[in-house]
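**Q** A predicted structure for the sequence below; I have some questions about it.
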Amino acid sequence: MTGLFNSRNSSENISQYLQYLRGYDYTGKMPVIIDFYATWCGPCKALAPQLERLAEEYEGRIKVIKVDVDKNQAIAEAARIMSIPTLFFINKEGDIRRVVGGLGHIDLQHMAEELIAK
């Protein structure tokens, strides 16, 4: 998974969505994973414990933010969230790597390592 955030892979930047992140703990000072989910979504429920574990393992190095698309439709629409779960892996420069669907813990760890290696 090397080169995750090179210019060919990432044309989205978190700056496009900052106005919608007010009230969330986004500072831009460390890499972030945003989990777009819904409470009724089975795959989202399956992914939640994996993300919680990842947040604990990478505490102080990566922030995990959860966005309920039913309660926060403005950011979901602005970010063109068409399927859930959708994950945004955001490096320190604000570049977004969008992943639709669930990931296993090992894949989440690889993505996390890529985020902090940059």
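**A** Structure received. Residues are numbered from 1 along each chain as shown.

**Q** show me where the chain has strands.
**A** 32-37, 63-68, 86-90, 96-100 (DSSP state E).

**Q** Am I right that residue 98 is in contact with residue 87?
**A** Yes. At 7.4 Å, residue 98 counts as touching residue 87 under the criterion of C-beta atoms under 8 Å. No exception for glycine: its C-beta is placed from N, CA and C like everyone else's.

**Q** could the strands of the chain go into JSON lines alongside distance to residue 14, mean neighbour count and mean pLDDT?
**A** Listed next are these as JSON lines, based on distance: least, C-beta to C-beta, whole Å; neighbours: other C-beta atoms under 10 Å; pLDDT from 0 to 100:
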{"stretch": "strand 32-37", "distance to residue 14": "8", "mean neighbour count": "23", "mean pLDDT": "95"}
{"stretch": "strand 63-68", "distance to residue 14": "11", "mean neighbour count": "18", "mean pLDDT": "94"}
{"stretch": "strand 86-90", "distance to residue 14": "5", "mean neighbour count": "23", "mean pLDDT": "95"}
{"stretch": "strand 96-100", "distance to residue 14": "6", "mean neighbour count": "17", "mean pLDDT": "94"}
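
**Q** Now render the ones you listed as a markdown table, adding distance to residue 12.
**A** Shown next, in a markdown table, are these (distance: least, C-beta to C-beta, whole Å):
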| stretch | distance to residue 12 |
| --- | --- |
| strand 32-37 | 12 |
| strand 63-68 | 15 |
| strand 86-90 | 8 |
| strand 96-100 | 4 |
